[in-house]
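Visitor: structure for the following, please:
(one chain, ligands or ions: 1)
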Amino acid sequence: MISIRGLTKIYHTKLNQIKAVDDLDLDVKKGEIFGVIGYSGAGKSTFIRLMNRLENPTSGKIMIDEEEITALSKDQLRVSRQGIGMIFQHFNLLWSRTVHENIAFPLEIAGVPKAERIKRVDELIDLVGLSGRGDAYPSQLSGGQKQRVGIARALANNPKVLLCDEATSALDPETTDSILNLLVDINQKLGLTIILITHEMHVIRKICHRVAVMEAGKVVEQGDVLDVFLHPKLPVTKRFVEQVMGDREQDDALDKITQSYTTGKVVRLHFVGEITNQAIISTVAKQFDVQANILQGKITQTQKGAYGTLFVHFDGEESEIQKAIDFITSTSVKVEVGLHD
Ligand SMILES: Nc1ncnc2c1ncn2[C@@H]1O[C@H](COP(=O)(O)OP(=O)(O)OP(=O)(O)O)[C@@H](O)[C@H]1O
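Guide: Below is the predicted model of the structure:
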């Protein structure tokens with residue numbers, strides 16, 4: 001549905017030039033929630049602003065539903081933008097307008113007649129869970145409620161795509177969760193394609209189907225969210241996964257336990273699905289002459305199922321431990337050895 005090829009944005013400053021987005025290729029399927037993650041300065045904001053031409057690219061092509069966004073004239077763009085909704089980190093609401101009037105704003109611009117506007121705004125207010133707050137002003141709302149207004153306004157003209165620019169970064173964790181749940185709800189109810197940018201892996205984990213990792217203007221890694229959790233390739237991706245699963249190096253308690261073993265091997269298992277790990281450990285204990293002690297386990301839920309890690313200490317004859325590890329490696333579980341010998 002969305003195809004991006006060779007997208008590049010170069011900013012020229014007095015001293016030098018900065019390639020904020022560098023020859024980026026990306027495909028997003030209809031109805032998917034696609035996340036782009038990266039640290040500050042990676043080029044995420046520039047990328048998302050290029051999607052609806054809030055910024056014009058230096059070169060490259062963006063196609064949305066067979067329409068070349070990058071080739072549109074100003075007038076054509078005004079019409080096409082109605083099909084691309086956007087929400088922002090700081091909501092960008094009109095402070096002198098009520099909730100109702102904020103949501104009606106894009107409908108006014110699109111020339112929707114008043115009676116139809118009122119009906120549509122009421123529907124949207126219900127959809128985002130703001131019933132009864134239509135006459136409130138933004139200053140009277142919490143951060144989460146303000147973002148709900150932002151979402152309703154972005155959906156007013158029935159867009160094909162919703163762009164989310166760090167939409168939950170200004171919110172506390174609980175409110176973040178409720179807004180993310182709303183985005184999933186809208187994605188499922190309306191089949192809306194969502195592209196979001198974030199620096200938080202928690203956001204990716206919770207709602208995205210696929211993810212692209214950006215560094216220095218480039219997409220350096222991408223894939224299904226579960227796959228990226230299970231097989232992160234680059235150090236930057238591993239660091240993002242650790243945001244959710246914890247960093248072993250910084251886990252003092254686990255380190256102490258691990259170091260207290262003078263025999264055997266400590267391994268970390270990475271698995272997908274809740275049952276797999278338990279079944280594997282009991283099979284290993286039965287089939288091989290090893291003792292298996294579970295030291296720590298973490299499991300997290302993604303849109304595509306569960307991902308977990310398990311630290312296990314295997315004790316016994318070295319050859320028997322190796323056989324057990326070889327057996328686990330032959331399953332879908334990924335084994336990391338050499339944590340402590
Ligand atoms: N208008 C601009 N003029 C000059 N340089 C810019 C401009 N906008 C962004 N940049 C530069 O482009 C690079 C990418 O910035 P961008 O804001 O897209 O990154 P980001 O990943 O969104 O980071 P952040 O979350 O901090 O905004 C940075 O080096 C930034 O300084």
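Visitor: show me where this protein has strands.
Guide: Assigned by DSSP state E, the strands in the chain fall at 2-12, 17-28, 33-37, 59-64, 67-68, 84-87, 161-165, 193-198, 210-215, 218-224, 265-272, 290-302, 305-316, 334-340.
Visitor: which of those has the lowest mean pLDDT?
Guide: Mean pLDDT values for these show the minimum at strand 334-340, a mean of 73.
Visitor: ok, for Ser142, nearest residue in space, not its chain neighbours?
Guide: Thr175 (7.2 Å; C-beta to C-beta, 6 or more residues apart in numbering). The way it works is simple: take the backbone N, C-alpha and C, and place the C-beta from them, glycine included.
Visitor: that neighbour and the ligand, how far apart?
Guide: Distance of Thr175 to the ligand, given as C-beta to the nearest ligand atom, to the nearest Å: 20 Å.
Visitor: correct me if wrong: that residue contacts Gln145.
Guide: No. Between Thr175 and Gln145 there is no contact under C-beta atoms under 8 Å: 9.0 Å.
Visitor: number of residues surrounding Lys238?
Guide: Counted by other C-beta atoms under 10 Å, the residues lying close to Lys238 total 12.
Visitor: can you pull the contacts of the spatially closest residue to it that is not a sequence neighbour?
Guide: Spatially, and ignoring its direct neighbours in sequence, Lys238 is nearest to Pro232 (4.6 Å; C-beta to C-beta, 6+ apart). Contacts for Pro232 (C-beta atoms under 8 Å, 6 or more residues apart in numbering) come out as Glu221, Lys238, Phe240, Val241.
Visitor: the first one: neighbour count?
Guide: In this case it means Glu221. 19.
Visitor: now it: how far from the ligand?
Guide: Using C-beta to the nearest ligand atom, Glu221 is found at 15 Å from the ligand.
Visitor: show me the contacts for the nearest residue to that residue once chain neighbours are set aside.
Guide: Leaving aside its chain neighbours, Glu221 sits nearest to Val213 (4.4 Å; criterion: C-beta to C-beta, 6+ apart). Val213 sits next to Val36, Ile37, Gly38, Val219, Val220, Glu221, Gln222, Val228, Leu234, Val236, Thr237, Phe240 when contact means C-beta under 8 Å, 6+ apart.
Visitor: now a ChimeraX select for only the buried ones of the residues you listed.
Guide: The buried residues among the contacts of Val213 can be selected in ChimeraX (16 or more other C-beta atoms under 10 Å) with this line:
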select :36,37,38,219,220,221,222,228,236,237,240
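Visitor: which members of the contacts of Val213 are the farthest-apart pair?
Guide: Between any two of these, the greatest separation by C-beta to C-beta is 15.0 Å, found for Val36 and Leu234.
Visitor: does Leu310 touch Phe271 like I think?
Guide: Yes. Look at Leu310 against Phe271 with C-beta under 8 Å: they come within range, at 7.0 Å.
Visitor: more crowded one of these two?
Guide: Legend: neighbour count by other C-beta under 10 Å for Leu310 and Phe271, higher for Phe271 (25 against 21).
Visitor: which residues touch the more buried one?
Guide: Here Phe271 is in contact with Leu230, Asn277, Ile280, Tyr307, Gly308, Thr309, Leu310, Ser332, Val333, Lys334 (C-beta under 8 Å, 6+ apart).
Visitor: so what's it bridging to?
Guide: Beta-bridge partners recorded for Phe271 (DSSP bridges): Gly308.
Visitor: how near is it to Val213?
Guide: Per C-beta to C-beta, to the nearest Å, Phe271 is found 22 Å from Val213.
Visitor: count the neighbours of the residue in the stretch 151-300 of the chain that the ligand sits nearest to for me.
Guide: For the stretch 151-300 of the chain and the ligand, the shortest gap (C-beta to the nearest ligand atom) falls at His199, measuring 6.1 Å. When neighbours are defined as other C-beta under 10 Å, His199 has 15 of them.
Visitor: what sits closest to it if chain neighbours are left out?
Guide: That would be Tyr39: by C-beta to C-beta, 6+ apart, it lies 6.1 Å from His199.
Visitor: just to revisit the earlier point, of the contacts of Phe271, grab the buried ones for ChimeraX.
Guide: Burial among the contacts of Phe271 is assessed by 16+ other C-beta under 10 Å; the matching ChimeraX selection reads:
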select :230,277,280,307,308,309,310,333
